[in-house]
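>>> let me see the structure of the following:
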Amino acid sequence: MGMVLGILGSGSGSNMQAILDAIDSGTLDARISIVLSDHSDAFILERARQRGIATGVIDCRGFKTRFPEEAQQETAMQLKAAGVELVCLAGFLRLVKRPLLDAFPQRILNIHPSLLPAFPGLESWKQALAAGASEAGCTVHFVDEGMDTGPIILQESVPILADDTAESLHARIQVLEHRLYPAAIRNLS
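Next up, the predicted model:
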């Protein structure tokens, strides 16, 4: 049996879907045992429920962006109880710190839509366009205490075209993300 994954997400879950597609096609030997979100109405939870995957909502104590320590402790306990070996952040918009990092040392991955260390933080494809960069891309990296600063596992670039809009560039980066994330997980198994 392959590696047991736990997914944390805040949005639609398209990267989780890419991981599921890789599992379904036999190119990734893994299974997702639990999906947790900080938004009770996030579509990622619906995607998981449709597949019969256990779900849960992270109680962030009313904070809009912070990930309180108690919530991280509860998240770590839920992931451990589900037998998770590798945690994948899939559009999870809160900064992971201790105690969650301590519970899964070098076992939490994130995918970021830029060629890190360039353009960390939110909407990095827009940052790349605004800076006049010639290329953008995505990076799968281990999560550490910084914002998009952990060791890089895989990275791939796309050229920025003269007529690119934020939307067209982001769409091309997402195609890359959906290929790169399962590949990075495969590299670690």
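>>> shouldn't Asn110 be within a strand?
Yes. Counting by DSSP: H, G, I helix; E, B strand; the rest coil, Asn110 is part of a strand.
>>> so what's the residue count around the nearest residue to it once chain neighbours are set aside?
With C-beta to C-beta, 6 or more residues apart in numbering as the criterion, Asn110 has its nearest non-adjacent residue at 4.2 Å, and that residue is Leu89. For every residue, glycine as well, the C-beta is placed using N, CA and C. For Leu89, the count of nearby residues is 19 (other C-beta atoms under 10 Å).
>>> checking Leu89 next. Helix, strand or coil?
With three-state DSSP as the basis, Leu89 sits in strand.
>>> okay, now Val4: neighbour count?
That count, for Val4 with other C-beta under 10 Å as the rule, works out to 16.
>>> secondary structure element holding it?
Assigned by DSSP states H and E, Val4 falls within strand 3-9.
>>> next one: Lys126
Taking DSSP H and E as the definition, Lys126 sits inside helix 124-130.
>>> low-confidence ranges in this structure?
Scanning the chain for pLDDT under 70 picks out nothing.
>>> angle of the longest helix along it against strand 108-112?
Counting by DSSP state H, the longest helix found in the chain is helix 166-188. Here helix 166-188 runs at an angle of 150 degrees relative to strand 108-112 (axes from the mean of the first three to the mean of the last three C-alpha atoms, to 10 degrees).
>>> what is helix 166-188 packed up against?
On a contact count with 3 or more C-beta pairs under 8 Å, 6 or more residues apart in numbering; DSSP states H and E, helix 166-188 meets strand 3-9, helix 14-25, strand 86-90, strand 108-112, helix 124-130, strand 135-142, strand 152-159.
>>> what does that helix rub up against?
3, 5, 14-15, 17-19, 21-23, 27-30, 86, 88, 90, 109, 111, 113, 123, 125-126, 128-129, 136-138, 140, 153-156, 158, 160-161 (C-beta atoms under 8 Å, 6 or more residues apart in numbering).
>>> list only those of these flagged as buried.
Neighbour-count burial (16 or more other C-beta atoms under 10 Å) applied to the contacts of helix 166-188 gives 5, 14-15, 17-19, 22-23, 28, 30, 86, 88, 90, 109, 111, 113, 125-126, 128-129, 136-138, 140, 153-155, 158, 160.
>>> report the buried residues of stretch 163-177.
Asp164, Leu169, His170, Arg172, Ile173, Gln174, Leu176, Glu177.
>>> for the strand holding Val4, name the packing helices and strands.
Secondary elements touching strand 3-9 (3+ C-beta pairs under 8 Å, 6+ apart): helix 14-25, strand 30-37, helix 43-50, strand 86-90, helix 166-188.
>>> and those: which comes nearest Val57?
strand 30-37 (6.2 Å; C-beta to C-beta).
>>> so in that sheet, which strands flank the closest one, and in what orientation?
If you go by DSSP bridges, strand 30-37 pairs up with strand 3-9 (parallel), strand 54-57 (parallel).
>>> quick one: name whatever helix or strand follows the shortest one.
Scanning forward in sequence from strand 54-57, with DSSP H and E defining helices and strands, the next element found is helix 69-81.
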